[in-house]
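Peer 1: I'd like to go over a predicted model; first the sequence, then the structure.
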Amino acid sequence: MTAKELIYDSAIRAKVTQGLAILIVFSTGYYLYSNIVNNLHQMDLPFGFDFFSSTAGFDIGWSIVPYDPSMSYGRVYLVGITNTLILSALIILFSTLLGFIVGIMRLSRNLLVAQLARWYVEFVRNVPLLIQIVFWFIVVFSTLPGPRQGYGFLNLFFLNNRGFYLPAPVFEANFSWTLMAIVFAAVGSFVLCRWSREYKRQSGQHKAVYRPALFALLVFVTIIFIATGKPLHWSVPTLQGFNFQDGFYFPIAFMAAFISMTIYRSATIGEMVRAGIQSIDSGQREAATAIGFSRFKTLRLVVIPQAARAILPPMINAWLTTVKESSLAVAVGFPELVSVYMQTSLNQTGRAIEIVIMVMGFYMITSLLISFLLNLYNQRIQLQE
């Protein structure tokens, strides 16, 4: 093959271009790495992750993962990741549910309901998130009464200026049997649901087996739970002295970040839902009404499944942004990853580059994983042409 033919061969040009791109990326990365190492060496500063196993020596205000100051910076990293994921997951769950409600309210035929939803979206969406977080922390939760004068609900839930207290489950050794029964019931329900859909697709007849089978599986789980001695009880918060003991609690920093971010994100998700529903042709609603569907049934079975194709792509971006926005909780002292690692740990170890790389790596991996899973589901629900 002549040189002219090589130049005009699109396949060869594509391979050469890809090779050059890979070479440039790796060369740039190696240059940055060697430059950082040389500069640190000139300043007599080490580069490495040996500090990961060193004792942290500082306390963390709130953590689900067991932690004490004698543990390592590796455990601090795990605590920060866990706190960040818990906060992000709860925000994603509740903001998505609230966003769907707000989006549907925006399209209500009741003028008052529609305008209230519109004002909610416009106000929340146009106030900076950081200001909302600080507002909820300083103006709302910090002004609550102390534990003795706090608010109680059913003698199970308590809210005061230290946090929100609620019962905590206590699992015994035999609970593993109940857990296995729950897994078996979940798998069985999934298999029955798939079988019912396949049977209906092939025969055109609907078999009402899902609900009876689900009831039977619930009875099965209950029998296993009772037979193993009810290996689950609840630890209820009780006021002892100046604070509550037992149970579980969320500090006010968590509550301020959770509520403000949930409200803020629900406003943007509400607009996504509204736009997605409005993208469905009105003829779909008219056809559903003509065959006797109620408005709720039309929305649930006809409109929402089709609107999901338009809602999900921007929803992916909203969920990714939620995980990254959780770092703003550092403003009110919640011990998420940025607070315990990029502030306290960095100040103590002086390993700025290593710690920044680790924090950036966590956010990047989490975002890529969420994007990958949601894109798989998005491809599944899209129309295949």
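Peer 2: That came through, no problem.

Peer 1: Tell me, domain by domain, which residues of this structure belong where.
Peer 2: Following automatic domain parsing, one gets these domains for the chain: 3-47, 73-143+249-381.

Peer 1: so what's residue 278 closest to, chain neighbours aside?
Peer 2: Counting by C-beta to C-beta, 6 or more residues apart in numbering, residue 278 lies nearest to residue 107, which is 7.2 Å off, once chain neighbours are set aside. The way it works is simple: take the backbone N, C-alpha and C, and place the C-beta from them, glycine included.

Peer 1: per-residue confidence at the one you found?
Peer 2: With respect to pLDDT, residue 107 has a value of 83.

Peer 1: for residue 384, same thing?
Peer 2: On the pLDDT scale, residue 384 gets 57.

Peer 1: where exactly do the helices run in the stretch 51-200 of the chain?
Peer 2: Using DSSP state H, counting those that start in this stretch, the helices of the stretch 51-200 of the chain run over residues 73-106, 111-125, 129-135, 175-203.

Peer 1: er, the stretch 251-385 of the chain I mean
Peer 2: Secondary structure of the stretch 251-385 of the chain (DSSP H, counting those that start in this stretch): helices at 252-278, 282-290, 295-298, 304-325, 337, 346-349, 352-381.

Peer 1: Could you look over the domains of the chain and pick the most buried one?
Peer 2: domain 73-143+249-381 (a mean of 17; mean count of other C-beta atoms under 10 Å).

Peer 1: one step back: can you put the domains of the chain in JSON lines and add distance to residue 165?
Peer 2: Shown next, in JSON lines, are these (distance: least, C-beta to C-beta, whole Å):
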{"stretch": "domain 3-47", "distance to residue 165": "44"}
{"stretch": "domain 73-143+249-381", "distance to residue 165": "4"}
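
Peer 1: Check those for me: which has the lowest mean pLDDT.
Peer 2: domain 3-47 (a mean of 75).

Peer 1: Quick one: distance of that domain to the chain centre.
Peer 2: 36 Å (C-alpha atoms, centre = their mean, to the nearest Å).

Peer 1: going forward, begin numbering at 16 instead of 1
Peer 2: Got it, the first residue is 16 from now on, which makes the last one we talked about domain 18-62.

Peer 1: Next, the contact list for the residue nearest to residue 293, please.
Peer 2: 129, 289, 292, 293 (C-beta atoms under 8 Å, 6 or more residues apart in numbering).

Peer 1: Quick check: the last one vs residue 287, distance?
Peer 2: With the distance defined as C-beta to C-beta, to the nearest Å, residue 293 ends up 11 Å from residue 287.

Peer 1: same deal with the first one?
Peer 2: Distance, residue 129 to residue 287, by C-beta to C-beta: 17 Å.
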